[in-house]
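**Q** Predicted model follows, preceded by the sequence.
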2 protein chains.
Amino acid sequence: MRLHIILLGAVLLFRGLDAKAQTASTGFTVIPLGVKGGLDEANLSSYIVTAKGSSNYICLDAGTINAGLQKAVANKLFTEQSAEEIQKNKIKAYFISHAHLDHVAGLILNSPNDSPKNIYGFSSVIEIMKNNYFTAKSWANFGSEGDKPILNKYTYNYLTPSKEIEIPNTELYVTPYILSHVNPYQSSAFLVRNNNSYLLYLGDTGADEVEKSNQLELLWKAVADKVMTQTLKAIFIEVSFDNTMPNKALYGHLTPRLLMQEMKVLNKLSNGKLQKLPIYITHIKPCASCESSIKKDITLSNTEGLTIKYAQQGKAIQLP
Amino acid sequence: MRLHIILLGAVLLFRGLDAKAQTASTGFTVIPLGVKGGLDEANLSSYIVTAKGSSNYICLDAGTINAGLQKAVANKLFTEQSAEEIQKNKIKAYFISHAHLDHVAGLILNSPNDSPKNIYGFSSVIEIMKNNYFTAKSWANFGSEGDKPILNKYTYNYLTPSKEIEIPNTELYVTPYILSHVNPYQSSAFLVRNNNSYLLYLGDTGADEVEKSNQLELLWKAVADKVMTQTLKAIFIEVSFDNTMPNKALYGHLTPRLLMQEMKVLNKLSNGKLQKLPIYITHIKPCASCESSIKKDITLSNTEGLTIKYAQQGKAIQLP
């Protein structure tokens, strides 16, 4: 009996050390499962993120899941061959920036075959999941509240702005921030932390100037110190339209000009330390020449000399 | 002035002859834009149908549109290169069998770039489109009723069971029938007519035996004469699971065994004339071995000697 206790103690000690060793990593692996701002059902906003060296992913927005994981499998990013099994076993939680269908369709469509897990969002987001999507009439209620029968596969977790939470079964922590997406409609940004390194993901957002809001300013103030200490490893931010789109037709989105206007604010708050930080452009709305036009406008508008990159579906991004 | 009137008369006469010539065709072209019963966001139920020789399509269900049209373009089924332009210009109306997300996601996600047109459905379907999807909170109200602001791009048209309607801007007529999809939840079948030829598309449906319903029996009685006269050119019907799935886990879907049970009823009503009619299987729910297992079960269950075919995404089906 005594030997059993000693052995159990040793096992627990090793497990503890092992967990500590895992959590001592910094940096992230990001796999974009979908990167576009519309139309193609196979490539809508969704990014899975894990602490470097771990395979416990969280999913930031969920426009496309299965088709994105199929691409990731084709690109040999997983040893498993089945997109369905990867979703079930490796995605531990969903964070939804806002409940427009291009950010949640993949989650809903794949819910019958998914495993139980948490969905995190502000109450404005969870309410829509509950009242519009996970209902008996439009689908089936795989959520933990709302229409009966409640299948309770997904547990709704209500986020509090600026309050960091630990994500079970992962090495990650997340702090959410409110964004304005056609004021007063709320979207969200998620600041993901692995030990002392950070990644910032923004859902759809308008510029403060256009939205008559200060949500982005508040966000920049919250992360500026992490830019200065170089603990922020990347920003994922949307540019939906090129510079020809008039403000009144933006519907809560950014153009290259407005992106750069916002980045100037952050750069100033960070004492000019923004240049080396990779800024990944997301949510480009497709049309014949939109992507090339947005890229051209970003290059022209980039007077701050920022490091601009473009998220690509199924291509892993390693952040140190 | 008189010459003008004569010329105008001649133009109108030729136009009339031309229109008559067009509508004198029989048969259909069908392009499946998505054929699966779940998971892969790029391949969910949607079938565009036109009178043979015409390019005025109607869209039966709309789970995937853009990704399916991209496949059709890659397979050179259109002279146009842009899926978006084809959707805008060639799809004249949508018919929604039921409003589960895997049958409407493509319509909603592509709505911002689509052109104005009609959406047809039973009131049970339109109500969900109006209250759950085309709302200000979950998307934007592109419909003609409901949440303000009403953008009025799509005009809702309420169907009456068994009542044929003419579809504007096409050569087609449609008669809708009620199906049972976990009784009392309603789905629909659409009988499409081009002059004296017919095509029957069924949305998700359970078997009468399992559903404790007679909706399929009523449908078979309505089309049996068209099987006998060989004016019915094809049936599109779902088989979601293989024969190992117990009845209580079918959730309003068919297995090969239940399909054949229903086809026996139709064959009997049609005096044994069903054998040559192509029956296209739709809505197979994907898993590692599901498709091969369903195909095997269908072959084994096909004691009536029916002509079974499998709809393929982006591959045109010509019906005489």
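**A** That came through, no problem.
**Q** Using the three-state scheme, assign residue A:260.
**A** Of the three states, residue A:260 takes helix according to DSSP: H, G, I helix; E, B strand; the rest coil.
**Q** residues in contact with the closest residue to it other than its chain neighbours?
**A** Using CB to CB, 6 or more residues apart in numbering or on different chains and skipping residues adjacent in sequence, the residue nearest residue A:260 is residue A:301, 4.4 Å away. Using the backbone N, CA and C atoms, a C-beta is placed for each residue, glycine as well. For residue A:301, the contact set (CB atoms under 8 Å, 6 or more residues apart in numbering or on different chains) comprises A:243, A:256-257, A:259-260.
**Q** and whichever residue of the stretch 1-150 of chain A sits closest to chain B, how far is that from residue A:289?
**A** Nearest to chain B in the stretch 1-150 of chain A, going by CB to the nearest CB, is residue A:42, at a distance of 3.5 Å. Counting by CB to CB, to the nearest Å, the gap from residue A:42 to residue A:289 is 21 Å.
**Q** more crowded one of these two?
**A** More neighbours surround residue A:42 than the other of residue A:42 and residue A:289, with 25 against 9 (other CB atoms under 10 Å in any protein chain shown).
**Q** pretty sure that one is in a helix, no?
**A** No: checked against three-state DSSP, residue A:42 lies outside a helix; its state is coil.
**Q** do stretch A:148-166 and chain B meet?
**A** No: Stretch A:148-166 lies out of reach of chain B by CB under 8 Å from any CB of the partner chain, never closer than 11.4 Å.
**Q** Alpha carbons of that stretch, as CSV, please.
**A** C-alpha atoms of stretch A:148-166 as CSV (Å, rounded to 0.1, in the frame of the first residue of the first chain):
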residue,chain,number,x,y,z
LYS,A,148,-35.8,22.0,-26.4
PRO,A,149,-34.6,19.3,-26.9
ILE,A,150,-31.2,20.7,-25.6
LEU,A,151,-28.6,18.3,-26.9
ASN,A,152,-25.9,20.0,-24.8
LYS,A,153,-22.9,19.1,-27.0
TYR,A,154,-21.6,22.7,-26.8
THR,A,155,-21.4,24.5,-23.5
TYR,A,156,-21.9,28.3,-23.9
ASN,A,157,-19.4,30.4,-22.0
TYR,A,158,-20.1,34.1,-21.7
LEU,A,159,-17.0,36.3,-22.0
THR,A,160,-16.4,39.5,-20.0
PRO,A,161,-14.6,42.3,-21.9
SER,A,162,-10.9,42.6,-20.9
LYS,A,163,-11.1,39.6,-18.5
GLU,A,164,-8.5,36.8,-19.3
ILE,A,165,-9.7,33.2,-19.0
GLU,A,166,-7.9,29.9,-19.0
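**Q** Any idea how far that stretch is from the middle of the chain?
**A** 16 Å (CA atoms, centre = their mean, to the nearest Å).
**Q** repeat for stretch A:30-40
**A** Mean-position distance between stretch A:30-40 and its chain equals 11 Å (CA atoms, centre = their mean).
**Q** first vs last residue of it, how far apart are they?
**A** With CA to CA, to the nearest Å as the measure, stretch A:30-40 spans 21 Å from end to end.
**Q** could you give me the average pLDDT of it?
**A** When pLDDT is averaged over stretch A:30-40, the result is 95.
**Q** State the number of residues packed around the closest residue to chain B within the stretch 151-300 of chain A.
**A** Nearest residue of the stretch 151-300 of chain A to chain B (CB to the nearest CB) works out as residue A:288 at 6.6 Å. Residues near residue A:288, counting by other CB under 10 Å, number 11.
**Q** same deal with the one 10 residues further on?
**A** Other residues within reach of residue A:298 by the criterion other CB under 10 Å amount to 22.
**Q** Give me the secondary structure label for it.
**A** helix.
**Q** contacting residues for it?
**A** Contacts of residue A:298 (CB under 8 Å, 6+ apart): A:239, A:256, A:259-260, A:281, A:308.
**Q** who wins for most neighbours among those residues?
**A** In terms of neighbours by other CB under 10 Å, the contacts of residue A:298 top out with residue A:239 at 28 neighbours.
**Q** where does the stretch 1-150 of chain A come near chain B, residue by residue?
**A** Counting by CB under 8 Å from any CB, the stretch 1-150 of chain A comes close to chain B at A:38-42, A:44, A:64-67, A:70, A:82-84, A:99-102, A:105-106, A:108-110, A:112-113, A:127-128, A:132-133, A:135, A:137-139.
**Q** Mind checking which of those are buried?
**A** The neighbour count (16 or more other CB atoms under 10 Å in any protein chain shown) marks A:38-42, A:44, A:64-67, A:70, A:83-84, A:99-102, A:105-106, A:108-110, A:112-113, A:127-128, A:132-133, A:135, A:137-139 as buried among the residues of the stretch 1-150 of chain A next to chain B.
**Q** Give me the helices and strands touching the helix or strand encompassing residue A:218, please.
**A** Here residue A:218, judged by DSSP states H and E, is contained in helix A:215-228. Judged by 3 or more CB pairs under 8 Å, 6 or more residues apart in numbering or on different chains; DSSP states H and E, helix A:215-228 is in contact with strand A:173-180, strand A:186-194, strand A:197-202, helix A:208-211, helix A:256-269.
**Q** picking up where we left off before, hmm, which two among the contacts of residue A:298 are most spread apart?
**A** Greatest spacing in the contacts of residue A:298, by CB to CB: A:260 and A:281 (11.6 Å).
**Q** about what we covered before: and the nearest residue to the residue of the stretch 1-150 of chain A closest to chain B once chain neighbours are set aside, what does it touch?
**A** Nearest-residue entry for residue A:42: residue B:42, 3.5 Å, with adjacent residues in sequence omitted and distances by CB to CB, 6+ apart. Taking CB under 8 Å, 6+ apart as the criterion, residue B:42 is in contact with A:41-42, A:67, B:34, B:64, B:67-68.
**Q** hang on, the earlier thing: what strand or helix carries the residue of the stretch 151-300 of chain A closest to chain B?
**A** Assigned by DSSP H and E, residue A:288 falls within no helix or strand.
**Q** Would you agree it is in contact with residue B:82?
**A** Yes: under the criterion of CB atoms under 8 Å, residue A:288 makes contact with residue B:82 at 6.6 Å.
**Q** Within range of chain B, give me the residues from the stretch 201-320 of chain A.
**A** So the stretch 201-320 of chain A meets chain B at A:286-288 (CB under 8 Å from any CB).
**Q** mind running it again at 7 Å?
**A** Applying CB under 7 Å from any CB of the partner chain, we find that the stretch 201-320 of chain A lies next to chain B at residue A:288.
**Q** so where is the stretch 201-320 of chain A shaky, pLDDT-wise?
**A** Scanning the stretch 201-320 of chain A for pLDDT under 70 picks out nothing.
**Q** can you put the contacts of residue A:298 in JSON lines and add distance to residue B:212?
**A** Shown next, in JSON lines, are the contacts of residue A:298 (distance: CB to CB, whole Å):
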{"residue": "A:239", "distance to residue B:212": "54"}
{"residue": "A:256", "distance to residue B:212": "59"}
{"residue": "A:259", "distance to residue B:212": "58"}
{"residue": "A:260", "distance to residue B:212": "63"}
{"residue": "A:281", "distance to residue B:212": "54"}
{"residue": "A:308", "distance to residue B:212": "60"}
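**Q** Give the full set of residues in contact with residue A:311.
**A** Going by CB atoms under 7 Å, 6 or more residues apart in numbering or on different chains, residue A:311 touches A:32, A:35, A:236, A:280-282.
**Q** Those residues into CSV, with extra columns for distance to residue B:203 and secondary structure?
**A** Shown next, in CSV, are the contacts of residue A:311 (distance: CB to CB, whole Å; DSSP: H, G, I helix; E, B strand; the rest coil):
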residue, distance to residue B:203, secondary structure
A:32, 33, strand
A:35, 32, coil
A:236, 38, strand
A:280, 40, strand
A:281, 39, strand
A:282, 35, strand
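**Q** Of the residues you listed, which pair is most distant in space?
**A** A:32 and A:281 (11.2 Å).
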